[in-house]
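> this is a predicted model, with the sequence first.
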Amino acid sequence: MTIFLVFAGLILLLLTGMPIFAALGLTATAILLLFEGHIGPVADTVYAHLNKPVLTTIPLFVFMAQIMIKARIIDDLYEMAHTVIGHVRGGLGVATVLSCTIFAAISGSSVATALSIGSSAIPQMKRFGYPERDALGVIAAGGTLGILIPPSGPMILYAIVSEASIGALFLAGIVPGLLLAVIFSLYCMIHAGDRSQADWAGWPKVARAMRKSIWAVLAPPLVMGGIYAGIFTASEAAAFGCLYALVVALVVYRSLPLTVLWDCAYQTMRTSMMVFMIIAGAAMFGHAITIIRLPVGVTEAVAAMGLSPLVFILIVMALIFVMGMFLESIAIILITTPILLPTMHLLDIDLIWYGVLLMINLELAMITPPVGMNLFVIKGITDASLGQVVRGAAPYVFLMLIGLAVLIAVPGLATWLPYSAGFGR
């Protein structure tokens, strides 16, 4: 009964439009006052969660993405992908997926990926006769890769709440992210049929397009390669990424005036403070549910039912899929993770593997109505109706479910890379 009341109260607050941090904080305050009669430990709890060096990755990766976008370094990505493979069967769709994949490895944001690539790709796709619904769908789905392919904002939040290694999670997201990109691309090629594509641009134009986009393309392997090789920690990789973006923007592109740089810093500050407030609210919520032994109660119930790890994962994935239709990804991470952690430890479920499964499920949440953020982003940058966007994205929901099933069946696709790089379980 307690778990139902806690969830019902929190979800009710979130559905009213209240900010996530406020809903988490108010729920925690109510629980503490009812069961403890005071909120004395709150300040120490919040400070302990915010006093972590790894949190520096959040503003640094956000700042890196802001610079790459504002300096228009990203604009060359779609041009390169379109020039190289736009002429093959389904090439425009494949080029869009490729652009989203590379940009996802820079921005760490699903919404930013859909918005940035969509603004360039959708007009081009329509110009070459690509059906509008298909164009809307591939952008909406390709944008979700920002959650899974590192660096990922939601992945960092999950790592902080679960105390899993950010570096291991980043590496764990690479193969599943590329797998989804391949699945999307194959669908585009099969679905294209005999539809005509753009003409072959010729080797001189291909070489010129690749040369222009090389600075954007190099960013992900330099940042993630440093982590994989053991040269950087996650925080150091984020700092290097910022330095790289600044040098490219100021020296190579020379397209970042000081006023725009100030705007990048301001947007980074706003985004980072929003995330830190959410972490503070999550810390309060986690402390409150520990006081009432909610995670322990869930663990005892699962132990009493004798659920296997696989059955438990399937049930959790189904519940998160339903929650994703109504709640934002950050809210889902911060609500479910503290409650499920003790049970995952009991069942010896790999936190890195689960984190990747969670990210794919959160990708699904971005394109499932009624609250799929990418659906509204695509609608906002086009004159299409929401119904058109939903219909275009629908096939990709099933493709992501296939990807999720593959990762559940073959955990090694997520865990092989981080553990081979020396990250312990």
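Everything's here; your move. Numbers count the residues shown, from 1 in each chain.
> tell me the mean pLDDT over stretch 56-71?
The average pLDDT within stretch 56-71 is 85.
> again, but for stretch 158-168
On average, stretch 158-168 scores 89.
> next, the buried residues of the lengthiest helix in the chain.
In the chain, with assignment by DSSP state H, the single longest helix is helix 258-291. For helix 258-291, burial by neighbour count (16 or more other Cβ atoms under 10 Å) applies to 261, 264, 267-268, 271-272, 275-289. Where C-beta positions appear, they are placed from N, C-alpha and C, glycine not excepted.
> ditto for stretch 289-303
For stretch 289-303, by 16+ other Cβ under 10 Å, it's 289, 292, 294-295, 298-299, 302.
> what about the longest helix of the chain, average pLDDT?
86.
> packing partners of it?
Contact partners of helix 258-291 among helices and strands, from 3 or more Cβ pairs under 8 Å, 6 or more residues apart in numbering; DSSP states H and E: helix 20-35, helix 42-50, helix 57-70, helix 153-162, helix 329-346.
> can you add mean neighbour count and give those helices back as CSV?
As requested, the helices and strands packed on helix 258-291 are exported to CSV (neighbours: other Cβ atoms under 10 Å):
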stretch, mean neighbour count
helix 20-35, 20
helix 42-50, 15
helix 57-70, 25
helix 153-162, 23
helix 329-346, 21
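> got the contact list for Glu236?
Residues in contact with Glu236, defined by Cβ atoms under 8 Å, 6 or more residues apart in numbering, are Gly226.
> how does it look with 10 Å?
Applying Cβ atoms under 10 Å, 6 or more residues apart in numbering to Glu236 gives the contacts 56-57, 60, 223, 226-227.
> low-confidence ranges in this protein?
1-3, 74, 86, 193-199, 201, 424-425 (pLDDT under 70).
> can you show me the strands along it?
Applying DSSP state E to the chain gives no strands.
> pick out the residue closest to the middle of it.
Ile147 (1.3 Å; Cα atoms, centre = their mean).
> surely that residue and Ile367 touch.
No - shown here, Ile147 and Ile367 do not form a contact pair, counting by Cβ atoms under 10 Å, at 11.1 Å.
> the nearest residue to Leu399 once chain neighbours are set aside: neighbour count?
The shortest distance from Leu399 to any residue other than its chain neighbours is 5.2 Å, reached at Ile183 (Cβ to Cβ, 6 or more residues apart in numbering). The number of residues packed near Ile183 is 18, by other Cβ atoms under 10 Å.
> what of Thr113?
Residues within reach of Thr113, counting by other Cβ under 10 Å, total 31.
> can you check the one 3 residues further on too?
A count of nearby residues for Ser116, using other Cβ under 10 Å, gives 26.
> so what's it up against?
So Ser116 contacts 65, 68-69, 74-75, 77-78, 99-100, 103, 106-107, 109, 143, 146, 381 (Cβ under 10 Å, 6+ apart).
> select from these every entry located in helices.
65, 68-69, 75, 77-78, 99-100, 103, 106-107, 143, 146, 381.
> what sits against Val298?
Contacts of Val298 by Cβ under 10 Å, 6+ apart are 3, 289, 339-343, 346.
> how close does it get to Ile147?
Separation of Val298 from Ile147 (Cβ to Cβ, to the nearest Å): 25 Å.
> how about Ile227?
18 Å.
> thinking again about what came up before, dump the helices and strands packed on helix 258-291 to a markdown table, plus distance to Leu307.
As requested, those are exported to a markdown table (distance: least, Cβ to Cβ, whole Å):
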| stretch | distance to Leu307 |
| --- | --- |
| helix 20-35 | 27 |
| helix 42-50 | 30 |
| helix 57-70 | 35 |
| helix 153-162 | 20 |
| helix 329-346 | 9 |
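> nearest to Gly137 among those would be which one?
Between Gly137 and the helices and strands packed on helix 258-291, the tightest spacing by Cβ to Cβ is seen for helix 329-346, at 19.8 Å.
> list the helices and strands the closest one packs on?
Applying 3 or more Cβ pairs under 10 Å, 6 or more residues apart in numbering; DSSP states H and E, one finds that helix 329-346 contacts helix 2-15, helix 20-35, helix 153-162, helix 258-291, helix 294-305, helix 309-324, helix 351-366.
> which stretch among the ones you listed comes nearest Ala239?
That would be helix 258-291 among those, by Cβ to Cβ, at 13.4 Å.
> the closest one vs helix 20-35, what angle?
Orientation of helix 258-291 against helix 20-35 (axes from the mean of the first three to the mean of the last three Cα atoms, to 10 degrees) gives an angle of 20 degrees.
> chain center to helix 258-291, what's the gap?
The chain centroid and the centroid of helix 258-291 are separated by 16 Å under Cα atoms, centre = their mean, to the nearest Å.
> next, the buried residues of stretch 393-403.
Per 16+ other Cβ under 10 Å, stretch 393-403 contains these buried residues: 393-397, 400, 403.
> contacting residues for Thr233?
So Thr233 contacts 53-54, 57, 165-167, 226-227, 239 (Cβ under 10 Å, 6+ apart).
> how about Leu10, what does it touch?
20, 23-24, 26-28, 30-31, 285, 327, 331, 334-335.
> same question, Ile149
100-108, 113, 155, 170, 173-174, 176-178, 180-181, 220, 224, 359.
> buried only: go through those residues for me.
Buried among the contacts of Ile149 by 16+ other Cβ under 10 Å: 100-108, 113, 155, 170, 173-174, 176-177, 180-181, 220, 224, 359.
> and the residue nearest to Ala249 when sequence neighbours are not counted, how close does it get to Arg254?
In this structure, Ala249 finds its nearest non-sequential neighbour in Ala71, 3.7 Å apart by Cβ to Cβ, 6+ apart. For Ala71, the distance to Arg254 equals 9 Å [Cβ to Cβ].
> okay, and the common contacts of those two?
With Cβ under 10 Å, 6+ apart as the test, Ala71 and Arg254 both reach Val248.
> mind checking which of the two has more residues around it?
Ala71 (25 against 10).
> ok, back up a step: could you redo the contacts of Leu10 as TSV and give each row distance to His87?
Converted to TSV, the contacts of Leu10 look like this (distance: Cβ to Cβ, whole Å):
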residue	distance to His87
Ile20	45
Ala23	50
Leu24	50
Leu26	56
Thr27	55
Ala28	56
Ala30	60
Ile31	60
Phe285	52
Leu327	42
Ala331	43
Leu334	45
Ile335	47
